[in-house]
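Asker: Need coordinates for the following:
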Amino acid sequence: MLEGDIDLEGLSPKEAPAAQAAAAVDAEGAPPGRPDAQAAAMRVNEKYSTLPAEDRSVHIINICAIEDIGYLPSEGTLLNSLSVDPDAECKHGLYFRDGRRKVDYILVYHPKRPSGSRTLARRVQHSDATLAARGARHDQPLPGKGSVGAAGGPEPPMDYHEDDKRFRREEYEGNLLEAGLELERDEDTKIHGVGFVKIHAPWNVLCREAEFLKLKMPTKKLYHINETRGLLKKINSVLQKITDPIQPKVAEHRPQTTKRLSYPFSREKQHLFDLSDKDSFFDSKTRSTIVYEILKRTTCTKAKYSMGQGEGRKKDSALLNKRRKCSKYGITSLLANGVYSAAYPLHDGDYEGENMDFNDRKLLYQEWASYGVFYKYQPIDLVRKYFGEKIGLYFAWLGVYTQMLIPASVVGIIVFLYGCATVDENIPSMEMCDQRHNITMCPLCDKTCSYWKMSSACATARASHLFDNPATVFFSVFMALWAATFMEHWKRKQMRLRYHWDLTGFEEEEVSRLDHPRAEYEARVLEKSLRKESKNKEKRRHIPEESTNKWRQRVKTAMAGVKLTDKVKLTWRDRFPAYFTNLVSIVFMIAVTFAIVLGVIIYRISTAAALAMNSSPSVRSNIRVTVTATAVIINLVVIILLDEVYGCIARWLTKIEVPKTEKSFEERLIFKAFLLKFVNSYTPIFYVAFFKGRFVGRPGDYVYIFRSFRMEECAPGGCLMELCIQLSIIMLGKQLIQNNLFEIGIPKMKKFIRYLRLRRQSPSDHDEYVKRKQRYEVDYTLEPFAGLTPEYMEMIIQFGFVTLFVASFPLAPLFALLNNIIEIRLDAKKFVTELRRPVAVRAKDIGIWYNILRGVGKLAVIINAFVISFTSDFIPRLVYLYMYSENGTMHGFVNHTLSSFNVSDFQNGTAPNDPLDLGYEVQICRYKDYREPPWSEHKYDISKDFWAVLAARLAFVIVFQNLVMFMSDFVDWVIPDIPKDISQQVHKEKVLMVELFMREEQGKQQLLDTWMEKARKKDEPCNNHGPKACLDSPEYPGGAL
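Answerer: Predicted structure coming up:
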């Protein structure tokens, strides 16, 4: 049988005619006898085939010409692989049909065929002469040009946009072939209406791209890592034995005494690297990264409508030709335009099942993504090996943050226990609870509220002491230093990871230079260039041209059309409408947040007034707790909803700015999202901490909102207890509902919906259908990776809760620690089981998030200073103790902080409706403020005590802020950013690299000297005895002439 024939022995009678039809279409429809088509097919086969002719067991056929009658695709779409038993040979979709070439990347598309087309239902075998010449397809009729369908009737109308996508796919895949990649198409899948293109990068392509990307690869040179000696060595060995049970059982996590010297890969220096096993030299993460770089760099520029006649077709074709004359389509643009629906690397295999091959994904699932190993360290090196440096750094940072929360939690618990132990010794709370003082307080609202006894707030006063005691000041200072220590510890850990992951010489500027423009940016530039081109044409129409310059003008126009988009860039004038929209939208969103907080304030005031009219004594006695709890729950629900809304708005605002690169897009998105979510999460807390009870006024001269609602007051014990309730409910609610419930529930719901859809499509053989799915089909059903921004964002907001208002809630680090223990395993399980494998991205640090963390840490010092001085009673107690106390104790402090008011001075319509509610007539009521008494000459004016306390508060803020800032900077200065042993190892690597190249050069020089010496000795007989002796010499290869 000839090479170009089809083997029809194994086909059924129904399949034989289709196979004969396929054989008739030789080299994309070119006549079999044409020498140019045969020669072109041979050239293409020689170029792209990687296996020897005698070893090729996989045969490829172009069945598109049979499936779509009249449509002749290019060689980029010829890659439908055919074999007898595909499921047995492709190793569950991880390899090509030959079982040798590994699938490094997957492109997914939706093939749509005309209704009159025929499909080849089964795979058939074909010879290797399948890739025909590109020039052959131009001689064939295209769809719409009089071609007749398989049934003999006219071809049904086609969707021009879908047809254009098909043209773009075939051109793009042809360009990928020219770049050296190997492709294989699979449209006969178990997912209806979805086609897959499998991509494999051969060895020469991997080497070329690794050199281009400057990937550091391990060399043959091994060197010993400097180990600690003496006492430190003994301490480390003891710690290793103690922590051995909580270490993951992963080879990459074990301490290593030797390390391979790494060097940027170079094809000229391949002898330096250990290439004994070329299949494993580049791991799956590196291979997918290399392929993704090629996919981004490869463009398709020539796809256009070229089918059919008629004015409508001509208009569409002219429009597309004009738009695509200067445009380029990389994989990002093709995904954005729907040419491909997805692009992703494959997971290494299944993570469950006893009979499955052991792989890194399964190991990560067992030692990292399982809730049963929550007490163990994370296998960070394995995470980096599988997902890349950027994701590895996120989980390393999350692990360091969680570890650092342990000492903060311990100290917070001690502070809380100290408050519990001293609550019975707190004199101010004892005085408030003592009914013998018989202090009558002024009404909390107009008319409906009556006078009340201070002793009724006894429980609130005692609870306030749990968080408002001298230990909280120490804890605030401790947490400020903790934040500085955490940042320094992370920098040192980051440097260790950079050394172990061979990123010491890596600079992100190298990546930024290779970062390709986003699809939206290219589209805007193209739109601007087309407008500019049309304006130039309009000008040329009105300006008469000289006949001698017509040819020059044509040349200029042609050159301008080729490089039009290279010269055009988006300036601030182009982006000004987007910037203005951003500014207005952000201000509006912040105003919406403030308006919602104001609405909650009005709810609290009105609800308190309504509950005060209740006849039940128990309801009236718990008004403050009821109003506070319900208002906080409302705030929590609003915060969770607005978080989702603000996230979408931030992404939309960033999109209309049209950033050029993905890095710029990510940084702008992070800034907007963090600003909006920060305001949304902390505005209610800021209100309670710094504004509630500050602008109330006094009895007889209260401040009103909308002239109807009187501003609410703090409890007699201060607003710190209410701030604690607000902070705890919002923090715990966000962690429980938003971070955990949403992350667990939403993916499970989506997975269940996909399961129901698959069940509906094939209810009879659903189980068999799921079992026989290929790896790329299973991964396609997973959720696409949406970036690390949501993961970082929730942790940064939590870091704010832990540090910003920690003076009011010492247990915040404990709840954050408990949440993060679950969060690590939750995120790990999501990455391993729920998401498609993301493309590995090199990164040397956590980027802009580090600057945000530093900013939050500095802001925490200021906020805690104001919380201690203005929200708590710490400063008033100190002022009373050292200035006004008669016996040097806190006795009389409560009475000192209360002012007196004569009830006859109430404004009309504001006095209580039931002045005898307490059973006696009230003449003087008390309220919390520093004002002159009614019997004073300047009644109800601010007293001198107020100014003394205010001065002390401001002085405390200044001293606290500067002292803690100085201590934080001192910690920053004392702890070096780079560990000493790591700096020594980096220096040692540089010395070893220099020695390695020096020895290599010396070896080359010695070899050259040896050759020259041999040549000189061989030339000596010729010089001494003449040419004849030289010719007769046995060393002369030719002998005598």
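Asker: Show me what counts as buried in whichever strand in the chain runs longest.
Answerer: The single longest strand within the chain, with elements called by DSSP state E, is strand 216-224. Within strand 216-224, the residues that count as buried by 16 or more other Cβ atoms under 10 Å are 216-219, 221. Placement of C-beta: from N, CA and C, glycine included.
Asker: Show me the strands in the stretch 101-250 of the chain, by range?
Answerer: When secondary structure is read from DSSP state E, counting those that start in this stretch, the stretch 101-250 of the chain shows strands at 105-109, 182-186, 195-200, 216-224.
Asker: so which of those strands gets nearest Leu642?
Answerer: Shortest distance between Leu642 and the strands of the stretch 101-250 of the chain, using Cβ to Cβ, is found for strand 105-109: 34.8 Å.
Asker: OK, contacts around Thr654?
Answerer: Contacts for Thr654 (Cβ atoms under 8 Å, 6 or more residues apart in numbering) come out as 665, 668-669, 672.
Asker: Out of the residues you listed, which comes closest to Lys748?
Answerer: Proximity to Lys748 was ranked across the contacts of Thr654 by Cβ to Cβ; first place goes to Leu669, at 27.0 Å.
Asker: Quick check: what element follows the helix or strand in which the closest one is found along the chain?
Answerer: If you go by DSSP states H and E, Leu669 is part of helix 662-686. Scanning the chain past helix 662-686 towards its C-terminal end, the next helix or strand to appear is strand 697-698 (assignment: DSSP H and E).
Asker: where in the stretch 351-500 of the chain is pLDDT low?
Answerer: Along the stretch 351-500 of the chain, segments meeting pLDDT under 70 span 354-356.
Asker: again, 90 this time
Answerer: Across the stretch 351-500 of the chain, the ranges flagged by pLDDT under 90 are 351-360, 366-367, 369-376, 419-474, 476-477, 480-481, 484, 496, 498-500.
Asker: Can you show me the helices along it?
Answerer: Remark: helices assigned in the stretch 351-500 of the chain by DSSP state H, counting those that start in this stretch are 360-367, 380-387, 389-421, 427-433, 458-467, 470-500.
Asker: For Cys449, which of the ones you listed is the nearest?
Answerer: Comparing the helices of the stretch 351-500 of the chain by their distance to Cys449 (Cβ to Cβ), the top pick is helix 458-467, with 16.8 Å.
Asker: Dump the closest one to CSV, restricted to CA.
Answerer: What follows is helix 458-467 as a C-alpha-only set of coordinates in CSV (Å, rounded to 0.1, in the frame of the first residue of the first chain):
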residue,chain,number,x,y,z
CYS,A,458,-23.9,47.8,85.9
ALA,A,459,-23.5,44.9,83.5
THR,A,460,-22.2,47.1,80.8
ALA,A,461,-19.7,48.8,83.1
ARG,A,462,-18.3,45.5,84.3
ALA,A,463,-18.0,44.1,80.8
SER,A,464,-16.2,47.3,79.7
HIS,A,465,-13.5,46.6,82.2
LEU,A,466,-12.6,43.4,80.4
PHE,A,467,-11.4,45.5,77.5
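Asker: for it, packing partners?
Answerer: Applying 3 or more Cβ pairs under 8 Å, 6 or more residues apart in numbering; DSSP states H and E, one finds that helix 458-467 makes contact with helix 389-421, helix 427-433, helix 720-733.
Asker: what would these look like in CSV with distance to Ser370 and mean neighbour count?
Answerer: Shown next, in CSV, are these (distance: least, Cβ to Cβ, whole Å; neighbours: other Cβ atoms under 10 Å):
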stretch, distance to Ser370, mean neighbour count
helix 389-421, 15, 19
helix 427-433, 48, 20
helix 720-733, 25, 23
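Asker: how about CSV for those, with distance to Asp977 added?
Answerer: Converted to CSV, these look like this (distance: least, Cβ to Cβ, whole Å):
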stretch, distance to Asp977
helix 389-421, 15
helix 427-433, 46
helix 720-733, 31
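Asker: where does the residue sitting nearest the centre point of the chain land on pLDDT?
Answerer: Against the mean C-alpha coordinate of the chain, by Cα atoms, centre = their mean, the closest residue is Leu788 at 1.7 Å. Model confidence at Leu788, expressed as pLDDT, equals 90.
Asker: The strands of the stretch 101-250 of the chain: which one's closest to Asn913?
Answerer: strand 105-109 (72.3 Å).
Asker: so how far is that closest one off the chain centroid?
Answerer: Put simply, strand 105-109 sits 22 Å off its chain's centre (Cα atoms, centre = their mean, to the nearest Å).
Asker: Tell me which residues touch the closest residue to Pro111 other than its chain neighbours, please.
Answerer: On the basis of Cβ to Cβ, 6 or more residues apart in numbering, the spatially nearest residue to Pro111 that is not a chain neighbour turns out to be Gly195, at 4.5 Å. With Cβ under 8 Å, 6+ apart as the criterion, the residues that contact Gly195 are 108-111, 185-187, 189.
Asker: Kindly report the same for Ile958.
Answerer: For Ile958, counting by Cβ under 8 Å, 6+ apart, there are no contacting residues.
Asker: Doesn't it belong to a strand?
Answerer: No - counting by DSSP: H, G, I helix; E, B strand; the rest coil, Ile958 falls outside a strand, being helix.
Asker: For it, give its distance to Ala807.
Answerer: Relative to Ala807, Ile958 is positioned 17 Å away (Cβ to Cβ, to the nearest Å).
Asker: swap in His224?
Answerer: The span separating His224 from Ala807 equals 50 Å under the rule Cβ to Cβ.
Asker: now the longest strand of the chain, how far from the centre of its chain.
Answerer: Between the mean C-alpha point of strand 216-224 and the mean C-alpha point of its chain there is a distance of 32 Å (Cα atoms, centre = their mean).
Asker: go on, stretch 903-915?
Answerer: On the basis of Cα atoms, centre = their mean, stretch 903-915 is displaced by 60 Å from the centre of the chain it belongs to.
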